[in-house]
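*Asks:* sequence unknown, structure follows:
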């Protein structure tokens, strides 16, 4: 054990001197563990003990998708340009009822996994332009609290935008672009998703489509609805958008009952999320209708979506991976690493199941657009 510890200490000292001398400069990436162990002539386990000590002292940092990098050339815990415990401001859309939404929970899990590695804490601030008290609280946080970086996954009011624009803290945007706020922007492939949904509905024989959605303020949601509408119209099918104030099973069921009572003709319903789709299916069954006679499509691929009767066609969003990517990028920005403006695209998938599938398939469930998520795609 003593010999092993002595060897570990020698490796630690050798790497420490390389960092202090600048041979391993700030921001540079270490080779992978196996290659580095061979170069140093030690076992991988011995090397890991040395690396763990350097990480604990704040000189190395494991960056997701980038490997292990040098974060401090001087051997002082305070020498890193990243705050000891960074505070990350997270804008929570008021419509999502804080963090209860399943899709948003996936994003948070990915986010927190990376931030915990940096000992960062999250300051959640609800954005709800319709409520003056929420906006005033948001402004107070911007003015009075130290926030080292912001993640903004929703459109914000002009007042809050103006206040954020004046703060020097780095920002990462999601679902909307605003170069005056930040050049770093994440989005998903909503336009191609709209085309895929429309193509699927047409192939299954649906011609009169209703979209149940909150008011379309999101640029990406506009892209999806516009692409879906164009795809349907090219084949003589119709689309009508019904705006709902809230997203939920009860709201979906209530709106579906109104449609049935009004006599409006429709043969497919596309919903904002799976929860709303659950309510639509419930209302259809109450009226003696069973999907796929009326096609139903949700969004989010909630855990119970595949267990419904019938199983629900839905959209899978890779938000766990998005959360990890967003957190990794923001921590790089907070640490003042040189980062190129990031426009990153993540590929979401349409998962076709029996709720919108009139034609029997083998196997019964199929995955449309099986391409893996793509990152770092420049516009």
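*Replies:* Ah, there it is. In this text, all values refer to a predicted model and were calculated from it rather than measured experimentally.
*Asks:* where does pLDDT dip in the protein?
*Replies:* 1-5, 63-66, 72-84, 94-101, 129-130, 154-155, 215-220, 360-379 (pLDDT under 70).
*Asks:* quick one: the helices in it?
*Replies:* In the chain, the segments counted as helices under DSSP state H are 2-21, 33-40, 44-56, 102-117, 132-144, 158-165, 190-203, 219-234, 249-262, 274-286, 319-334.
*Asks:* make CSV out of these and add mean neighbour count and distance to residue 177.
*Replies:* C-beta coordinates here come from the backbone N, C-alpha and C atoms, glycine included. Below are those laid out as CSV (neighbours: other CB atoms under 10 Å; distance: least, CB to CB, whole Å):
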stretch, mean neighbour count, distance to residue 177
helix 2-21, 14, 38
helix 33-40, 14, 39
helix 44-56, 17, 36
helix 102-117, 19, 19
helix 132-144, 14, 21
helix 158-165, 15, 13
helix 190-203, 20, 13
helix 219-234, 18, 7
helix 249-262, 18, 29
helix 274-286, 22, 27
helix 319-334, 23, 15
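*Asks:* dump the ones you listed to CSV, plus distance to residue 171.
*Replies:* Below are those laid out as CSV (distance: least, CB to CB, whole Å):
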stretch, distance to residue 171
helix 2-21, 31
helix 33-40, 34
helix 44-56, 28
helix 102-117, 15
helix 132-144, 12
helix 158-165, 7
helix 190-203, 22
helix 219-234, 17
helix 249-262, 32
helix 274-286, 30
helix 319-334, 8
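*Asks:* tell me which of those sits nearest to residue 312.
*Replies:* Closest of the helices of the chain to residue 312 is helix 274-286, at 5.8 Å (criterion: CB to CB).
*Asks:* sorry, back to before: and of the helices of the chain, who's closest to residue 342?
*Replies:* Closest among the helices of the chain, using CB to CB: helix 319-334, at 6.0 Å.
*Asks:* which other helices and strands contact the closest one?
*Replies:* strand 60-63, helix 102-117, strand 149-152, strand 171-174, strand 185-188, strand 343-346 (3 or more CB pairs under 8 Å, 6 or more residues apart in numbering; DSSP states H and E).
*Asks:* to residue 252, which of these lies closest?
*Replies:* Between the helices and strands packed on helix 319-334, helix 102-117 lies closest to residue 252; by CB to CB that is 15.3 Å.
*Asks:* distance from that closest one to the middle of the chain?
*Replies:* Centroid displacement of helix 102-117 relative to its chain, using CA atoms, centre = their mean, to the nearest Å, is 9 Å.
*Asks:* tell me what it is packed against?
*Replies:* On a contact count with 3+ CB pairs under 8 Å, 6+ apart, helix 102-117 meets strand 87-93, strand 121-127, helix 319-334.
*Asks:* any chance of those in TSV, plus distance to residue 250?
*Replies:* As requested, the helices and strands packed on helix 102-117 are exported to TSV (distance: least, CB to CB, whole Å):
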stretch	distance to residue 250
strand 87-93	20
strand 121-127	22
helix 319-334	24
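*Asks:* thank you, goodbye.
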